[in-house]
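Undergrad: build me a model:
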Amino acid sequence: MDSVVVMLNGKARPCIEVCEACGEWFVRVVEEDQELTRSFEMESLALAYAEGQRRRLGLAEFTRL
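TA: From the prediction side, this is the model:
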């Protein structure tokens, strides 16, 4: 995934991104000092995972790229 991470006080601002590439769905979760990317075969599973992470991090939304 090619995206821009916004820095806040020297740390990455939490965000969640979802995109599709080559038939796979990817969810990228960025926290203060961590970045995790998970792949899913089904869009519905990727979106459910992204929604769970959004709630866990207390974010208003996630980004579909």
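
Undergrad: can you give me the strands in this protein?
TA: 7-8, 11-12, 15-21, 24-30, 35-40, 63-64 (DSSP state E).

Undergrad: winner for burial among the ones you listed?
TA: Ranked by mean neighbour count, those are led by strand 24-30 with a mean of 19 (mean count of other C-beta atoms under 10 Å). Heads up, the C-betas are built off the backbone N, CA and C, glycines and all.

Undergrad: now do that strand: everything it contacts.
TA: Residues outside strand 24-30 that contact it (C-beta atoms under 8 Å, 6 or more residues apart in numbering): 1, 3, 5, 12-20, 35-43, 45-47, 49-50, 53, 57.

Undergrad: with mean pLDDT added, can I get the strands of the chain in CSV?
TA: Formatted as CSV, those follow (pLDDT from 0 to 100):
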stretch, mean pLDDT
strand 7-8, 60
strand 11-12, 77
strand 15-21, 98
strand 24-30, 98
strand 35-40, 97
strand 63-64, 97
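
Undergrad: show me what contacts L59?
TA: P14, C15, I16.

Undergrad: is the second one bridged to anything, and to what?
TA: This points to C15. Residues in a beta bridge with C15, per DSSP bridges, are V30.

Undergrad: I'd say it and A60 touch.
TA: No - using C-beta atoms under 8 Å, C15 makes no contact with A60, being 10.7 Å away.

Undergrad: distance of L57 from Q34?
TA: According to C-beta to C-beta, to the nearest Å, L57 stands 11 Å off from Q34.

Undergrad: pick out the residue nearest the middle of this protein.
TA: I16 (2.6 Å; C-alpha atoms, centre = their mean).
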